[in-house]
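# Predicted coordinates and the sequence they were generated for:
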Amino acid sequence: MSSNSKDLSNPHLALSPADRTPLFDSDRWRLRLKGLALPVLIIVLLEIIVRIGWLPAYQMPAPSEIALTLGDLAEGALWKHISASLLRVLSGFAIGASLALVFAAWVGLSREAEAYLEPTFAGLRSIPSLAWVPLLLLWLGIDETSKVVLIAIGAFFPVYLNGVAAIRNIDRKLVEVGHMYGFSRRRLVRRILLPAALPGLFTGLRSGMSLAWMFLVAAELIAATKGLGYLLSDGRETSRPDIVLAAIIVLAVLGKLSDGLLAGLEKRFLAWRDTFNGTED
Amino acid sequence: MPQALLDIHVARKSFATTTVLNDIHLQLQPRETVSLLGPSGCGKSTLLRIVAGLEKDFEGQLLSHTEQLAFVFQEPRLMPWLTVQQNIGFSDDDHYDKAWVAQLIEEVGLSDFADALPKALSGGMAQRVAIARGLYSRPRVLLLDEPFSAVDAFTRMKLQDLLLQLAERHAIALLLVTHDVDEALYLSDRVLVMDNRPSRIRQELAVQLPHPRDRRDPLLARLKALALTELHRAHVI
Amino acid sequence: MKPALRFTLAHARHLISACTLALGLPSMVLAAESPPAEVHLDYAYYSPVSLVLKHFGYLEKALPQTKVSWVLSQGSNRSLEYLNSGGVDFASSASLAAVLSRANGSPIKSVYVYSRAEWTALVVRKDSPYQTVADLKGKKIAATKGTDPYLFTLRSLQQAGLKKDDVELVHLQHPDGRTALEKGDVDAWAGLDPHMAASEVQAGSRLLYRNSAFNSYGVVSVTEKYAQEHPQTIDTVIAAYEQARTWSLEHPQELAKLLADESGLPLEVAKLQLSRTDLGSPQLSAKDVLASKAAAPILVSEELVRRGVNVDQVIDQLLDTGRQQAVARQ
């Protein structure tokens, strides 16, 4: 009984497994456990190696020590740093992504706009991320503004690029259906172009999110008073590699969670896609 | 004589330096089924698109035309993110006529699939939805561009019968482009055999058989022979 | 006395230690130490003697078969980082910063005092309304984490009854901190010479709070492993440093000019920095150990070290007062 059986007598078979996910599927839990195997192995190995002394503890603290540090931090300032970073990354991402969507729609839909705008964006895009830092510090100071702007710049380009590509990759045949119905430009965008471009847009959004986190760390390493990047540099400057690693772990977790959120949205809004999902070896 | 539903004269239609259509005169009466039969690239699809208003750049005139047209493409071209019923009612956005859509779904034989997504449909089923979508706007003319060329022979025959039923029930004229001689003869009242590029109408075959037709009817076989001879003369085959 | 015994006592001691080295006592690495293939040192504008050392090449002359390389350090935090990662063999930092690093697990040892200076203070703009440290509550102070100015700030805040969470400490490297102050991005700056002197001279900045007791002396440190494996190299480096120090004491005008040239700052600034720098006593003594122990509590109270660390013990392990002999020999 394949998920794609087109059996006319039983319409419910036509719906793919993704459309009906039970809450406590043992298959999904087994999948999760497989994903955990590698990290757990690495942690155990590291613990042993450091305890034996093959790696010096002042360069690579044992995982148990990092856990202790995390515990200490959690009792104290960790939440302050997390909320500072989250606020920055989310506002930067929101600003960068929305601007990118607007420009992507404009450039994607209009050859004129593309001719004027695309070369400039191509040039700006090739500026390496960290090169923005001294400029923004100079113009906008060391406050929140320069950090949020840096993050917005980071989020902008993947969303813009993927957005334009998504629009340009839309099947012309679908657009023709709209033309046949005599859709106005606006209606065409709303009813056909936007939904059809959604897969590409989501790719761009997820990519933009991960870049936003990267730019956040860069921003906070330079001149901050709080945040996870600040915590990172704290560990660096006071010879506390355990704090460095603790900060990295928290960053990784938050990054994963935010990506997971977007992935979940993607799954929900793009359940209609008829795509290859990998094989089950 | 009542005015023709469609009366179109294409003096010339070129793409860049290639002339595709040359002096074509086409008329369509209400409730009539006409097929354009010819090889690939002969411009029959282009002619259909001109009639549909998708192709506006040509030399000629539309002597009589109706706005109540619908087009069925070679591929189903359903919006993958919409369900079957949303696709059928596509031209009316979210406030489509649910009852009418339900009726159409029933007429094309997809009663249990109203809420299915296109990815769950076979090629034949998707094309049925496309036809239903065409019928939604209650057109007077349905334009079909090789609508069944992508499905297997048996499905094709079923779909042909369905098309005839629907045309009869809703009093629709059909203008059909096909490269399948049997299909043209089975469906149409008139078959227009077209030339290679630059194309014109070489031959008009009248099929004076009542519906429902028997595919084994010897008249169909004789007409097929005529068509094949003409196509051979045109160096199409 | 026989002619052979006309050696001075110092020479005798030297001979004895050379013999013990050659005999390979268990606590030392097996082979007698040959000059290393490479030695990496840092130099900094906050350590004028290091600039002299680099400029005249005393070390290069003392170790002709060794490749000597130099790295500019922008602050104690940087030099200690280089030391811990193996980027340098000899790092110049403030002693309290070295204590912090050792307390957090870095296996380092301080072997030499390159200067005792009043090199840090809390700086404000010339038109600033703040008069005391307490006025800085809730304000932004630029300070480089892991350096003496940072620790100076914490100690000054503590004295005024404030904790580090009562102000906003912005982490900027020393030169950037100066820029931030003068641009108005921060309300105060924990300054370090020569940048502090430059800000005073060039921008008219005011020293809001000075306290020479809250400044810690500057030390050259190595890793424990290096101390075990290259004790002779350490002696050679210290000897070269001593040469540079002697020159510095004998040529103050030229020293100021050299400092000005290297740092790219005006002569006036260099002179101001040197006026508050004491190059007199390069050896680590028991007094220094006590001074460090007196300063150390701030590390615990502001939670800069892990819980349960015995800072006094750390200081004892860090400061190598046994080097006195090597220094005195010069």
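Done, it's in.
# I'd like to know which residues of the stretch 101-250 of chain C are adjacent to chain A.
Proximity of the stretch 101-250 of chain C to chain A (CB under 8 Å from any CB of the partner chain) is limited to residues C:101, C:104-107, C:140, C:144-147, C:168-172, C:176, C:180, C:183, C:185-186. Where you see a C-beta, it was placed from the backbone N, CA and C, and this is true even at glycine.
# In ChimeraX, how would I select the buried members of the residues you listed?
Listed next is the ChimeraX selection for buried residues among those, using 16 or more other CB atoms under 10 Å in any protein chain shown:
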select /C:101,104,105,106,107,140,144,145,146,147,168,169,170,171,172,176,180,185,186
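# just for chain B, where's the confidence low?
B:1-2 (pLDDT under 70).
# Let me see the ranges of the strands in it.
Along chain B, counting by DSSP state E, strands occupy B:6-15, B:18-28, B:33-37, B:59-64, B:69-72, B:141-145, B:173-178, B:190-194, B:201-206.
# Let me have those in a markdown table, adding distance to B:Val129 as columns.
Shown next, in a markdown table, are the strands of chain B (distance: least, CB to CB, whole Å):
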| stretch | distance to B:Val129 |
| --- | --- |
| strand B:6-15 | 26 |
| strand B:18-28 | 25 |
| strand B:33-37 | 21 |
| strand B:59-64 | 30 |
| strand B:69-72 | 10 |
| strand B:141-145 | 14 |
| strand B:173-178 | 18 |
| strand B:190-194 | 27 |
| strand B:201-206 | 32 |
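# Quick one: closest of these to chain A.
strand B:69-72 (5.1 Å; CB to the nearest CB).
# Can you pull the residues of chain B lying near chain A?
B:52, B:54, B:71, B:73, B:75, B:77, B:79-82, B:90-91, B:93, B:112-113, B:116-122, B:125.
# Now, of those residues, which are buried?
B:52, B:71, B:73, B:75, B:77, B:79-82, B:90-91, B:113, B:116-122, B:125.
# What is the neighbour count of the closest residue to C:Ser85 other than its chain neighbours?
Leaving aside its sequence neighbours, C:Ser85 sits nearest to A:Gln59 (CB to CB, 6 or more residues apart in numbering or on different chains; 7.9 Å). Look at A:Gln59: counted by other CB atoms under 10 Å in any protein chain shown, it has 13 neighbours.
# Identify the residues contacting A:Gln59.
Neighbour list for A:Gln59: A:Pro241, C:Asn84, C:Ser85 [criterion: CB atoms under 8 Å, 6 or more residues apart in numbering or on different chains].
# List buried residues within those residues.
If we count by 16+ other CB under 10 Å, those have these buried: A:Pro241, C:Asn84.
# Filter the contacts of A:Gln59 down to just the ones in helices.
Per DSSP state H, helices hold the following members of these: A:Pro241, C:Asn84, C:Ser85.
# between those residues, which is closest to C:Gly308?
Ranked by distance to C:Gly308 (CB to CB), these are led by A:Pro241 at 17.6 Å.
# Report the separation between the closest one and chain C.
8 Å (CB to the nearest CB, to the nearest Å).
# what sits against that residue?
By CB under 8 Å, 6+ apart, the neighbours of A:Pro241 are A:Tyr58, A:Gln59, A:Met60, A:Pro61, A:Gly235, C:Gly105.
# returning to what we had before: dump the ones in helices among the contacts of A:Gln59 to CSV, plus pLDDT and distance to A:Thr69.
Formatted as CSV, those follow (pLDDT from 0 to 100; distance: CB to CB, whole Å):
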residue, pLDDT, distance to A:Thr69
A:Pro241, 89, 10
C:Asn84, 91, 18
C:Ser85, 89, 20
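# For chain C, tell me which of the residues of chain B next to chain A show up nearby.
Counting by CB under 8 Å from any CB, no member of the residues of chain B next to chain A reaches chain C.
# Sort out for me which of those residues are in helices.
B:Ala52, B:Met125.
# Domain map for the chain?
Going with chain A. Using automatic domain parsing, the domain parsing of chain A gives A:24-55, A:81-269.
# nope, chain B please
According to automatic domain parsing, the ranges for chain B are B:1-68+B:141-237, B:78-138.
# Tell me how far the longest one lies from the chain's centre.
The one in question is domain B:1-68+B:141-237. Chain-centre distance of domain B:1-68+B:141-237: 7 Å, with CA atoms, centre = their mean, to the nearest Å.
# B:Ala99 versus C:Val222, what's the distance?
89 Å (CB to CB, to the nearest Å).
# Can you name the residue of chain B nearest chain C?
B:Trp81 (48.6 Å).
# which ones are touching that residue?
B:Trp81 touches A:Pro195, A:Ala196, A:Leu198, A:Leu270, A:Trp272, B:Leu117, counting by CB under 8 Å, 6+ apart.
# who's in contact with the third one?
Listed by CB under 8 Å, 6+ apart, the contact partners of A:Leu198 are A:Ala166, A:Phe269, A:Leu270, B:Trp81.
# Was I right to think the third one contacts A:Phe202?
Yes - the pair A:Leu270 / A:Phe202 is scored as a contact, 6.6 Å apart, by CB atoms under 8 Å.
# the more surrounded of these two?
Between A:Leu270 and A:Phe202, A:Phe202 has the larger neighbour count (other CB under 10 Å), namely 20 against 17.
# Which residue, other than its chain neighbours, is closest to that one?
In this structure, A:Phe202 finds its nearest non-sequential neighbour in A:Glu266, 4.3 Å apart by CB to CB, 6+ apart.
# which one is the residue in the stretch 201-330 of chain C that chain B sits nearest to nearest to, not counting chain neighbours?
With CB to the nearest CB, the shortest gap between the stretch 201-330 of chain C and chain B falls at C:Glu303, namely 54.4 Å. Take C:Glu303 and drop its neighbours on the chain: the residue closest to it by CB to CB, 6+ apart is A:Gly76, 8.0 Å away.
# Next, count neighbours for C:Val99.
Count around C:Val99 with other CB under 10 Å applied: 27.
# contacting residues for it?
Going by CB under 8 Å, 6+ apart, C:Val99 touches C:Ser292, C:Ala295, C:Ala296, C:Leu299, C:Val311, C:Val314, C:Ile315, C:Leu318.
# what do you get for C:Gly75?
C:Ala44, C:Tyr46, C:Thr144, C:Gly146, C:Thr147, C:Gln173, C:His174, C:Leu192.
# Where does the third one sit, in terms of helix or strand?
Right, the one you point to is C:Thr144. Under the criterion DSSP states H and E, no helix or strand holds C:Thr144.
# So what does it look like in phi/psi?
phi -90, psi 110 (degrees, to the nearest 10).
# And for the first one?
C:Ala44 has phi and psi values of phi -150, psi 150 when expressed as degrees, to the nearest 10.
# ok now stretch C:311-321, how far from the chain's centre?
Centroid separation for stretch C:311-321 versus its chain: 16 Å, with CA atoms, centre = their mean.
# just checking, C:Tyr226 touches C:Asp89?
Yes - assessed by CB under 8 Å, C:Tyr226 is found in contact with C:Asp89 at 5.7 Å.
# circling back: which of the residues in the helix or strand the residue nearest to A:Phe202 falls within are buried?
Take DSSP H and E as the rule and A:Glu266 turns out to sit in helix A:241-269. Neighbour counts over helix A:241-269 (16+ other CB under 10 Å) mark A:241-248, A:250-251, A:254-255, A:258-259, A:262, A:266 as buried.
# wait, the residue nearest to A:Phe202 sits on A:Arg206?
Yes - in this structure A:Glu266 lies within contact range of A:Arg206 using CB under 8 Å: 7.3 Å.
# ok, and which of the domains of chain A has the densest surroundings?
Counting by mean count of other CB atoms under 10 Å in any protein chain shown, domain A:81-269 has the highest mean neighbour count of the domains of chain A, with a mean of 19.
# in the stretch 101-250 of chain C, which spans are strands?
Counting by DSSP state E, counting those that start in this stretch, the stretch 101-250 of chain C has strands at residues C:108-117, C:120-124, C:140-142, C:168-170, C:188-192, C:206-209, C:218-223.
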